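# With the sequence up front, the predicted model follows.
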Amino acid sequence: MKRRQFLHKALHSALVGSALATAGVTPSVGATSVDSLPPLKGKLTLYLGRGEGGLYENVLQAIQARNPDLELGIRRGPTAALANAIVAESKAGVRRADVFWAVDTGAVGLVSERGLARPLPAALTHQLKPQFRYPNFCPVSGRIRTLPFFTEAVTAGRIPQSIMALPDAGLSVGWAPSYAAFQSFVTAMRVLEGDTATERWLKAMKPVATPFAGELGVVLAVERGEVDVGFANHYYTLRLKAGKPDASVSLAFTREDAGCLVNASSVVALSDGALPVDFMRYLLTTEVQSYLADEAYEIPLIDGVAPPEGVPALDAIAPPRIDLTRLADLRPTLDLLRRTQVL
Amino acid sequence: MKLPPGSYLPAACVAALALAPILVLIDLAAGADVLVGSQHLSLLINTIILMLGTALGALLIGVPLAFLLAFVRLPLARLWLVLLAAPLAMPSYIGAFTFYAVFGRGAELEQWIGLETPSASGMLGACIVMALYTYPFVMLSTRAALLSQDANLINAARILGLPLLQAMLRVALPRALHGVAAGALLAALYALSDFGTPAILNVDTFTRLIYVEYNAFGLSQAAVFSLHLLALVGLVVFIESRFSGMEERAGRSLTLHPGPLAQTVTLLSVLPIIALSLLLPLVLFSVWLVREGLASFDATVAVNSVVAALLAAAVAVLFALPVAVAAGRGRIGWLLERVTYLGFGIPGIVMGTALVYLGLKLPALYQTLVVLVLALVLRFLPLAVGALRGAIEQLDTSLYKAGRVLGAGPIELFTRLTVPLTARGVFAGAALVFLEAMRELPATLLLAPTGFETLATYLWRVYEAGLFGRAAIPGLLLVCLSGLGLALMLAGERRADTMPGSTGAEPC
């Protein structure tokens, strides 16, 4: 816990104080410090979509503390519920949210589809790594699909480098088909491998897979040895290991396929003007990005910030190249999951 | 008795209001194409098993407790009542998560005392957990029904040689059946619409189907499936209406005075329920609190919870009164009352979104306390209606005839007879709404003023983030404040008992 508190203090002093307190992190091209940003002034309402364990509260607190003239109102809710509320509000001609921070690109898709997402200046989006630049939404932090495995029964060598080869590896698998992150992963597989191959894969996996309600449950089951390997976003394992360093679970990564998909939480501006965009600039600073990496185990999406301990850098693993907006195409995925009786 | 003029009109208004979210759902569902798969049937069967198992469990726990709390004089009686009702304020996903984390191979209990216990996952575990968080529905409504019974009948039965237990089963219980059924109905509807518990304990139900659609941004599909679920809700609501109350003469209720040994045994038998439903989660979160270290907690969150829940309880009772009065008067009144139940069987997040659409009809009040309270009232109206109807059905109609003969108009009859004679039902209804409102999540998240945090939303936030230790203090506050609110209402109930003309008044 000491490490946690120390980091929290470090972030606080970096954002609140004047000196750049994140020693050891050199801002490179694309990375800015909070010191170079204009102070935020005025009223800003943020709809903060939760789920999949996003930990953004301390970042928001620190931004508020640094900008006393900012009246930041936050409404938290499940990401899908807030997206639906934003759509309902726009139908009624009401706008309450200026910025929507969603854990899920599907939510971003829903809001953009209705023409509610305002275009973002290139100066903002070009701070991101090239594969994360989009005209009307701004990815903030990433999560990697991983294969947590039970270290007492399985060695890393037994896990294939291709997700498509997993059904034949002779391993028992835990998955959470109801979980949004799993559905995004299957959507990515559909985009990358096609519907037929995905259907075949699902059918082959089904006999060796045990379903769980969520991916925290998957990781806990792997750690208890109930299954050999699981499908889960990376941070569940990191968090488990932070509280229990001797936990019998470790992470494996596949290469250049959906098994190693990097998805992102994203922000959308719903109202015009400088304030929403300036607010987003804060989220892309070195300080916030390294805080999210160190403390919330999120993957930084700007150059020059190290990934969380226990996860290789994005260039060291081989995530597939995929347009994140295509992950919003969930309907055919659900139909496929139903047809194969996975869901 | 003839219906008092105008009793249908307010009831119809309230019923229309209660139906409004369902109309919104029908509108949202229009045009959605859904794939009805083969697993639909097995989901339906699972849902029905879970519903019946929960209702049965809630009956097995709730009915004996109701007898105990209604008839047996115990030391600190009010404390026990409050503690036994408090699980209703605890979000059931918290309970399910606790059971998941504590029981099973390698789980907390094994770490604490080295005892390997069977896992709570599966249908049986889900029924048990659901029953533990819904039995107060049965307990409170049965207790209210029992308390309104005149002790003379039971005393007569006992004088005629019936043993105490037999007298309870054959004289008191049949006359309280409507209360039992009303409580079981609420437990059943809760089981139908809850998502968290079956999801955590790995039971596949219809609500999971709805949540998957909802989270995959298929609001229309989620609305369609919610409407499918309504068929089941309607059936259960119809079956429950077959249990109607009987008229009761006003009179003092029965009180038993057990000896010290019997008292101790009784209280000891109650403890496991409190231990499992309240203590276990609090202990678990406290253990995590010690592991994770203390974090600051803002007390206004607790105030927000209590304010919203108390307002919702008061308004819900007000809205429920005309519906409950109309319920006993003709087919239309019956129908008006029944439709107010439908919303309670709709999964919270879908209902929350429907309420957002309704709230937006009042754009000036959208996301203010007014709309939040209205939303809570619409969600929990059936709790108040059920409790009030039970009380009103037992009214002795000859009193009204006497009142009429003495020249009282309908309004005077209502204020001088109906209101005081149904005070117990009013407080039971208010208590149920208050407790449910304390744990309500989706509508509060979407419709509360921006930045308005309640204990339930805070609990959800830390639970979601996996910071379980931070759930300890708000969890404890939730139990304590629910208890305090309940104690206040019970004080009101007691005052009502001593009011002239009420059920507990001196027999003539």
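Done, it's in. Residues are numbered from 1 along each chain as shown, chains lettered A, B, ... in the order given.
# Over to the closest residue to residue A:69 other than its chain neighbours: give its phi and psi.
Of all residues not flanking residue A:69 in the chain, residue A:41 sits nearest, at 4.3 Å (Cβ to Cβ, 6 or more residues apart in numbering or on different chains). All C-beta spots, glycine's among them, are computed from the backbone N, C-alpha and C. Backbone torsions for residue A:41, taken as degrees, to the nearest 10, come to phi -130, psi 140.
# in the stretch 101-250 of chain A, what residue is nearest chain B?
Nearest to chain B, among the residues of the stretch 101-250 of chain A, is residue A:213, at 4.3 Å (Cβ to the nearest Cβ).
# so that residue touches residue A:178, yeah?
Yes. Residue A:213 lies in contact with residue A:178 (Cβ atoms under 8 Å); the separation is 6.5 Å.
# shared neighbours of those two, anything?
Shared contacts of residue A:213 and residue A:178 (Cβ atoms under 8 Å, 6 or more residues apart in numbering or on different chains): residue B:199.
# what's the average pLDDT for stretch A:142-151?
The average of the pLDDT scores along stretch A:142-151 is 94.
# er, stretch B:73-81 actually
Stretch B:73-81 carries an average pLDDT of 87.
# Kindly export that stretch (C-alpha atoms) in CSV.
Coordinates of the C-alpha atoms in stretch B:73-81 are reproduced here as CSV (Å, rounded to 0.1, in the frame of the first residue of the first chain):
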residue,chain,number,x,y,z
ARG,B,73,-42.5,-9.9,23.7
LEU,B,74,-38.7,-9.9,23.5
PRO,B,75,-36.1,-7.7,25.2
LEU,B,76,-34.9,-5.0,22.7
ALA,B,77,-37.8,-6.0,20.5
ARG,B,78,-37.4,-3.0,18.2
LEU,B,79,-33.7,-3.6,17.7
TRP,B,80,-34.4,-7.1,16.5
LEU,B,81,-37.1,-5.9,14.1
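# And the contacts of it?
By Cβ under 8 Å, 6+ apart, stretch B:73-81 touches B:68-69, B:143, B:255-258, B:263, B:266-267, B:270, B:486-487, B:490.
# I'd like these written out as CSV, with secondary structure added.
Shown next, in CSV, are the contacts of stretch B:73-81 (DSSP: H, G, I helix; E, B strand; the rest coil):
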residue, secondary structure
B:68, helix
B:69, helix
B:143, helix
B:255, coil
B:256, strand
B:257, coil
B:258, coil
B:263, helix
B:266, helix
B:267, helix
B:270, helix
B:486, helix
B:487, helix
B:490, helix
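# Enumerate the residues of the stretch 351-500 of chain B near chain A.
Within the stretch 351-500 of chain B, the positions lying close to chain A (Cβ under 8 Å from any Cβ of the partner chain) are B:352-353, B:356-357, B:360-361, B:363, B:366-367, B:442, B:445-446, B:450-451, B:457, B:461, B:464-466.
# quick one, strands of the stretch 201-343 of chain A?
A:209-211, A:229-230, A:232-233, A:249-252, A:262-269, A:299-300 (DSSP state E, counting those that start in this stretch).
# so what does the last one touch, helix or strand wise?
Right, the one you point to is strand A:299-300. In this structure, strand A:299-300 packs against strand A:138-150, helix A:286-296, with contacts taken as 3 or more Cβ pairs under 8 Å, 6 or more residues apart in numbering or on different chains; DSSP states H and E.
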